[in-house]
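Chemist: let me see the structure of the following:
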Amino acid sequence: METQRTSLIIDGMGCDHCVAAVRSALAGIDGVTVNDVAIGSASVTYNPDEASRAALIDAIESAGYSVPSTPA
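Modeler: All right, here's what the predicted structure looks like:
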C-alpha cells in the first residue's frame, strides 16, 4: 500500500525535551518515518499496512502528551 503523510497537533509540549520525547515515541513505531517534530506539532509519513493514525496518537499519549480530536 502507498505511504500516507499526516500532521498532528500536540498539546503539552513546551521544550526541546518534549520534542525529543515525541520524536522518539513516533520513531519507535514500525512503518513510520518522522518528517518533523516541533513544539506543538509533528509530521510523519507512515505505511498503513504497518501503522495507523490511531497508533501515532497512542504513542504520543503514552509519552505524556495529548492530541486534540479534530471534528470529522
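
Chemist: send the alpha carbons of the helix ranked longest in the chain over as CSV?
Modeler: The longest helix of the chain (DSSP state H) is helix 16-27. The C-alpha trace of helix 16-27 is given here as CSV (Å, rounded to 0.1, in the frame of the first residue of the first chain):
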residue,chain,number,x,y,z
ASP,A,16,13.3,20.6,23.3
HIS,A,17,13.0,17.6,25.7
CYS,A,18,9.3,17.3,24.7
VAL,A,19,10.3,17.4,21.0
ALA,A,20,12.8,14.6,21.5
ALA,A,21,10.3,12.5,23.5
VAL,A,22,7.7,12.8,20.8
ARG,A,23,10.2,12.1,18.0
SER,A,24,11.4,9.0,19.9
ALA,A,25,7.9,7.8,20.5
LEU,A,26,6.9,8.1,16.8
ALA,A,27,10.2,6.7,15.5
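
Chemist: next structured bit after that helix?
Modeler: Scanning forward in sequence from helix 16-27 by DSSP states H and E, the next helix or strand is strand 32-38.

Chemist: buried sites along that next one?
Modeler: 32, 34, 37 (16 or more other Cβ atoms under 10 Å). C-betas here are computed from N, CA, C, even on glycine.

Chemist: quick one: which of those residues is nearest to Ala54?
Modeler: Val32 (12.6 Å; Cβ to Cβ).

Chemist: residues near Asp49, how many?
Modeler: Using other Cβ atoms under 10 Å, Asp49 has 11 other residues around it.

Chemist: use 658 as the first number from now on
Modeler: Sure thing, new numbering starts at 658, so read that last one as Asp706.

Chemist: pull the number of nearby residues for the residue nearest to it when sequence neighbours are not counted.
Modeler: If the residues on either side of it in the chain are set aside, Asp706 comes closest to Met658, at 5.0 Å by Cβ to Cβ, 6 or more residues apart in numbering. Met658 has 7 neighbours, counted by other Cβ under 10 Å.

Chemist: where's Met658 relative to Val724, distance?
Modeler: 23 Å (Cβ to Cβ, to the nearest Å).

Chemist: quick check: which element contains Arg662?
Modeler: Under the criterion of DSSP H and E, Arg662 resides in strand 661-666.
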